[in-house]
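Peer 1: fold the stuff below for me.
(chains A and B)
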There are 2 protein chains.
Amino acid sequence: MRRRRSARGRARLGEVGEDALLASLLAELPAARKLIGGDCAVVEFSGAKDLLVLKTDCVVEKIHFQPTTDPELVGWKAMMRPLSDFAAVSAVPRFALVTLIVPATRSTSWVKKLYRGLKRAASPFDVTIVGGETSATRGAIVISVSVSGFVEKNRWVSRRGGRKGDDLFVTGKLGGSLRGKHLRFVPRIEASRWLTKNFRVRAMIDLSDGLGADLPRLARASRLGFKIDKDSLPLAPDAKIDNAISDGEDYELLFAISPRDRARLERAWRKKFPKLPLTRIGFLAQRGNNSTSQLLPRGYVHFQ
Amino acid sequence: MRRRRSARGRARLGEVGEDALLASLLAELPAARKLIGGDCAVVEFSGAKDLLVLKTDCVVEKIHFQPTTDPELVGWKAMMRPLSDFAAVSAVPRFALVTLIVPATRSTSWVKKLYRGLKRAASPFDVTIVGGETSATRGAIVISVSVSGFVEKNRWVSRRGGRKGDDLFVTGKLGGSLRGKHLRFVPRIEASRWLTKNFRVRAMIDLSDGLGADLPRLARASRLGFKIDKDSLPLAPDAKIDNAISDGEDYELLFAISPRDRARLERAWRKKFPKLPLTRIGFLAQRGNNSTSQLLPRGYVHFQ
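Peer 2: Next up, the predicted model:
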């Protein structure tokens, strides 16, 4: 299908894509730009010793869940998505605000089940829901969750610190999330906190849009390319390599770490997380060299 | 129209109302309840000397603005609404996260104008937009803004501290906001900060849903009733008393203060804010006495 772009600034959002749109909008915010840590905002707060970490995320009916999806699972997913971003920067989530936008014709029992899911998701991470906001709508249901928390200054990880030659690891298994995992996943906060307590993680991201979208983001933020061995990708049951690259919503961690730490990491990981796979899928390489920076099919990108 | 309520838990949201719904949901969160400061969540953060203040709010197409509304004004309103809640607790807003849920068919220029409005609103309050999130939708546009900031422990005001006999004051003029003010208002943060720097404000709320809804909230939170002189209400041009009580979206402050401070307050206010009216509209009284706690027509309540 031909993609038409009319006069400058008149392009439809669907033609631009989320990364480009956000980049263009945020580029006009010089003060903000340097504060943005990729997945989360990480800022100083009133002389506190730790950094304040902020993240908001939303799920939208017919985009992230279906009208018939169990509302408890919708609530679970709405809470866990921003928590997965906390895992990406190795932060500890503490407080959540929930905005619920729902047609007045929905039953209160649907909303109560949704909240049960939100609370069930928050509870194991000691996240407290400290406020709620509701609005009517004549459109699709939206649940937006804003989470704040902290990270120690010496444990914050961004997407940007990767170095040439760093090993690339992923947790868990990739692909096929839409068969159910996207509604039931557990953010890798425990693994992330353990990693930064014991290792120097140089760059990290959570795989929300798929390896094919998120790995280039991490590499680009680190001003590097990458080389991966597709045959090494850890595949979820019934998933193929393309699923692992393009499906999205894996909510696993992808991180870069010095190859000097490889042996100690793999040994300590197996002991600490015997049931959670950790897989080296490749390494960070010089940028702009097409023989080492393979083109990946793109993962899920909003608006496209 | 007959309002039918089916089996327990099956009531439609439109029959329940936002306050009742939130109260019922939050009542199940004992740990959270005591943290909730009314308009904002106010919590301790990592040993910082100030309190962390969190608030999220949203505007929804066809509910809070029309499809044809100037997007720059939509952005202004989306940012200013949570900032008005900061005024209510006398907090200083610092960081904002913006979630934009918009159909892919909207033009990028619409979104850019929206962001211009958000930034124009944030700028005078030194609020930095530190992150953004976008999602497609097949429904109504939603802009959700989460703001974090701080308040000194000795300056935080909630809805709950009112005492019997306290004077009730409102800033500005009330009523008729839909004629334009609801898209162009300036949150009363400067006034609120000045008040708590110079006076002991016992309880405060911002008038977002109208005096008829928000005054009872403040009184109820303080376990008191109230008596107001309707003829004293400061009316916006072309507004009548009923508009001042029921229209909503005034975004003025309503606060309770000891009558011992009345003369000093009125004198200092006129000097500091010569163009902004400050009006004593009544006082807080014993609860449960219908002769003193007048019933007000309700202000705007979501879902009703």
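
Peer 1: SS state for A:Leu178?
Peer 2: helix (DSSP: H, G, I helix; E, B strand; the rest coil).

Peer 1: repeat that for the one 4 residues further on.
Peer 2: Per three-state DSSP, the local secondary structure of A:His182 is helix.

Peer 1: got a list of what it touches?
Peer 2: Contacts for A:His182 (CB atoms under 8 Å, 6 or more residues apart in numbering or on different chains) come out as A:Lys77, A:Glu249, A:Tyr251. Placement of C-beta: from N, CA and C, glycine included.

Peer 1: in the stretch 101-250 of chain A, which residue sits closest to chain B?
Peer 2: A:Gly139 (2.6 Å; CB to the nearest CB).

Peer 1: local confidence estimate at that residue?
Peer 2: With respect to pLDDT, A:Gly139 scores 88.

Peer 1: how many other residues sit next to it?
Peer 2: The criterion is other CB atoms under 10 Å in any protein chain shown. On that basis, A:Gly139 has 22 neighbouring residues.

Peer 1: picking that back up, Serialize the contacts of A:His182 to JSON lines and add fields for pLDDT, neighbour count and secondary structure.
Peer 2: As requested, these are exported to JSON lines (pLDDT from 0 to 100; neighbours: other CB atoms under 10 Å in any protein chain shown; DSSP: H, G, I helix; E, B strand; the rest coil):
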{"residue": "A:Lys77", "pLDDT": "96", "neighbour count": "25", "secondary structure": "helix"}
{"residue": "A:Glu249", "pLDDT": "93", "neighbour count": "22", "secondary structure": "coil"}
{"residue": "A:Tyr251", "pLDDT": "96", "neighbour count": "25", "secondary structure": "coil"}
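
Peer 1: correct me, but A:Ala213 touches A:Gly248?
Peer 2: Yes - using CB atoms under 8 Å, A:Ala213 makes contact with A:Gly248 at a distance of 7.2 Å.

Peer 1: quick one, phi/psi of A:Val151?
Peer 2: Main-chain torsions, A:Val151, degrees, to the nearest 10: phi -140, psi 140.

Peer 1: residue boundaries of the strands in the stretch 201-304 of chain A?
Peer 2: Ranges of strands within the stretch 201-304 of chain A are A:201-206, A:225-228, A:253-257, A:278-285, based on DSSP state E, counting those that start in this stretch.

Peer 1: select from the ones you listed the stretch with the lowest mean pLDDT.
Peer 2: strand A:225-228 (a mean of 93).

Peer 1: just checking, what packs against it?
Peer 2: Helices and strands touching strand A:225-228, by 3 or more CB pairs under 8 Å, 6 or more residues apart in numbering or on different chains; DSSP states H and E, are helix A:211-221, strand A:278-285.

Peer 1: among these, which is nearest A:Thr56?
Peer 2: A:Thr56 lies closest, by CB to CB, to one member of the helices and strands packed on strand A:225-228: helix A:211-221, at 18.6 Å.

Peer 1: report the angle between the closest one and strand A:278-285.
Peer 2: Helix A:211-221 and strand A:278-285 are oriented at 50 degrees to each other (axes from the mean of the first three to the mean of the last three CA atoms, to 10 degrees).

Peer 1: so helix A:211-221, near chain B or not?
Peer 2: No - on the criterion CB under 8 Å from any CB of the partner chain, helix A:211-221 is out of touch with chain B, staying 14.3 Å away.

Peer 1: shaky segments in the stretch 1-150 of chain A?
Peer 2: In the predicted model of the stretch 1-150 of chain A, residues A:1-38 satisfy pLDDT under 70.

Peer 1: actually, the stretch 201-304 of chain A.
Peer 2: Using pLDDT under 70, the stretch 201-304 of chain A drops low at A:289-304.

Peer 1: circling back to that earlier point, could you dump the helices and strands packed on strand A:225-228 to TSV with mean neighbour count?
Peer 2: Output for the helices and strands packed on strand A:225-228, formatted as TSV (neighbours: other CB atoms under 10 Å in any protein chain shown):
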stretch	mean neighbour count
helix A:211-221	22
strand A:278-285	20
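
Peer 1: and the contacts of stretch A:42-54?
Peer 2: Counting by CB under 8 Å, 6+ apart, A:35, A:37, A:40-41, A:86, A:89, A:91, A:93, A:146-153, A:156, A:158, B:45-50, B:52, B:94-95, B:97, B:130-131, B:146, B:148, B:150 sit against stretch A:42-54.

Peer 1: now the helices for chain A?
Peer 2: A:13-16, A:18-26, A:30-33, A:71-89, A:108-122, A:181-184, A:189-198, A:211-221, A:241-246, A:262-272 (DSSP state H).

Peer 1: can you tell me which of those helices is packed in deepest?
Peer 2: helix A:71-89 (a mean of 26; mean count of other CB atoms under 10 Å in any protein chain shown).

Peer 1: is it anywhere near chain B?
Peer 2: No - if you take CB under 8 Å from any CB as the test, helix A:71-89 misses chain B, and the best it gets is 9.1 Å.

Peer 1: what about dumping the CA coordinates of that helix to PDB?
Peer 2: Extracted C-alpha coordinates of helix A:71-89, given in PDB (Å, rounded to 0.1, in the frame of the first residue of the first chain):
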ATOM      1  CA  PRO A  71     -10.800  -7.900  33.700                       C
ATOM      2  CA  GLU A  72      -8.600  -9.300  36.400                       C
ATOM      3  CA  LEU A  73      -6.000 -10.100  33.800                       C
ATOM      4  CA  VAL A  74      -6.400  -6.700  32.200                       C
ATOM      5  CA  GLY A  75      -5.700  -5.100  35.600                       C
ATOM      6  CA  TRP A  76      -2.700  -7.400  36.100                       C
ATOM      7  CA  LYS A  77      -1.300  -6.400  32.700                       C
ATOM      8  CA  ALA A  78      -1.900  -2.700  33.300                       C
ATOM      9  CA  MET A  79       0.100  -2.700  36.500                       C
ATOM     10  CA  MET A  80       2.900  -5.000  35.300                       C
ATOM     11  CA  ARG A  81       3.700  -3.100  32.200                       C
ATOM     12  CA  PRO A  82       5.200   0.000  34.000                       C
ATOM     13  CA  LEU A  83       6.700  -2.400  36.500                       C
ATOM     14  CA  SER A  84       8.600  -4.000  33.700                       C
ATOM     15  CA  ASP A  85      10.100  -0.600  32.900                       C
ATOM     16  CA  PHE A  86      11.300  -0.400  36.500                       C
ATOM     17  CA  ALA A  87      13.000  -3.700  35.900                       C
ATOM     18  CA  ALA A  88      14.700  -2.200  32.900                       C
ATOM     19  CA  VAL A  89      16.400   0.500  34.900                       C
END
